[in-house]
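Engineer: need a 3D model of the sequence below.
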Amino acid sequence: MEMTPLLPEPSSYSTIASHLIGSNSFSFGSVLSRTMEHKYRVWRTVFVLLLMEIQVLRRLYETENVFHYSPSARMHIVGYLTGLL
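Structural biologist: As a prediction, this is how the structure comes out:
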């Protein structure tokens, strides 16, 4: 049975650091690559949020202009709670 040492060896510090930051070097190329990846993630998030906004506006349009509910229509409590969840 092999035991793990309680204190890491000095050579393993760079391995731990590279694992935590996700790269093996601190070169300009890796920084640029991470910056480009970060920009890609930001724009992807913005795109998803825009798609969600379009969906909300579409549902608002449907509710106001397509569906014509009677004045006596009421929502059932189970449907309301399901919508909240």
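Engineer: for the protein, longest helix please?
Structural biologist: In the chain, taking DSSP state H as the definition, the longest helix is helix 28-61.
Engineer: what's downstream of it, the next helix or strand?
Structural biologist: Toward the C-terminus, helix 28-61 is succeeded by helix 77-84 as the next helix or strand (DSSP states H and E).
Engineer: next, work out how far apart His68 and Tyr61 are.
Structural biologist: 13 Å (Cβ to Cβ, to the nearest Å). C-beta here means a position set from N, CA and C on the backbone, and glycine is covered the same way.
Engineer: for the two, indicate the residue with more neighbours.
Structural biologist: Tyr61 (10 against 7; other Cβ atoms under 10 Å).
Engineer: okay, the more buried one: pLDDT?
Structural biologist: The per-residue pLDDT reported for Tyr61 equals 95.
Engineer: tell me, how many residues neighbour Pro34?
Structural biologist: No, residue 34 isn't Pro; it's Arg. Using other Cβ under 10 Å as the criterion, the residues surrounding Arg34 number 13.
Engineer: mind showing which ranges of this structure have poor pLDDT?
Structural biologist: Counting by pLDDT under 70, the ranges of the chain that qualify are 1-32.
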